[in-house]
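Trainee: Predicted model follows, preceded by the sequence.
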Amino acid sequence: MKTIVSTLLATLLFGHGLVNAQDMPQTELPRTKLSVGMYQIDAQVAASSEQREIGLMFRKNMPQHEGMLFIFESPSRLCFWMKNTPLPLTAAFVADDGAIVNLEDMKPLTTESHCSTKPVRYVLEMNQGWFAKKGIKPGAKLSGRPFTP
């Protein structure tokens with residue numbers, strides 16, 4: 001009975017446009033463990049185009065050791081923005097070998113573009129200030145899947 005009520009409620013809310021699935025944060029994506037130096041990161045993985053499009057939108061908080069790793073099919077010059085994202089974030093644009101190419105601080109709820117300085121396949125978003133507090137700069141290497149051969 002509980003499942004039927006839940007299904008009916010979801011149909012009423014989503015089916016009539018009262019709540020839009022795209023207006024809700026993604027919290028159940030697959031996760032991977034990454035590290036940079038002695039620091040561990042619990043990263044959600046956004047690998048599909050829909051997962052990447054939503055990213056960390058609508059998230060109001062994120063634990064300091066967590067982030068989101070965006071994985072693209074092939075290297076390109078990637079640009080990110082913060083539309084519908086209330087958290088201040090830093091984007092690390094990452095090469096195939098795990099090396100951080102550049103870091104970009106991003107202001108919440110803006111459409112200002114923040115781009116990689118060369119073609120990359122990976123972007124790791126963390127709470128703004130996380131990289132700076134740990135002394136992590138471009139050239140530092142991430143390890144863990146997908147960067148471990």
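Mentor: In hand now; what should we look at? Since we're looking at a predicted model, the values are computed, not measured.
Trainee: Direction included, what does the longest strand seen in the chain pair against?
Mentor: For the chain, the longest strand by residue count, based on DSSP state E, is strand 66-76. Strand pairing for strand 66-76, determined by DSSP bridges: strand 39-46 (parallel), strand 120-127 (antiparallel).
Trainee: So which residues make contact with that strand?
Mentor: By C-beta atoms under 8 Å, 6 or more residues apart in numbering, the surrounding residues in contact with strand 66-76 are 29, 32, 34, 41-47, 52, 55-56, 78, 95-96, 119-127, 130, 146. C-beta coordinates here come from the backbone N, C-alpha and C atoms, glycine included.
Trainee: right, and residue 80 touches residue 112 too?
Mentor: No - under the criterion of C-beta atoms under 8 Å, residue 80 makes no contact with residue 112, lying 9.7 Å away.
Trainee: follow-up on the earlier one: pull out the buried members of the contacts of strand 66-76.
Mentor: Using 16 or more other C-beta atoms under 10 Å as the burial test, those include 29, 32, 34, 41, 43-46, 52, 55-56, 78, 95, 120-127, 130, 146 as buried.
Trainee: mind listing the strands in this protein by residue range?
Mentor: 31-36, 39-46, 66-76, 79-80, 89-94, 100-106, 114-115, 120-127, 142-143.
Trainee: List the buried residues of the longest one.
Mentor: Buried positions in strand 66-76, judged by neighbour count with 16+ other C-beta under 10 Å: 66, 67, 68, 69, 70, 71, 72.
Trainee: and it, what's its mean pLDDT?
Mentor: For strand 66-76, mean pLDDT rounds to 97.
Trainee: Report the residue spans of this structure with pLDDT below the cut-off.
Mentor: 1-22, 149 (pLDDT under 70).
Trainee: ok, the closest residue to residue 118 other than its chain neighbours - contacts?
Mentor: In this structure, residue 118 finds its nearest non-sequential neighbour in residue 101, 5.7 Å apart by C-beta to C-beta, 6 or more residues apart in numbering. Taking C-beta under 8 Å, 6+ apart as the contact definition, residue 101 lies against 93, 94, 95, 116, 117, 118, 120, 138.
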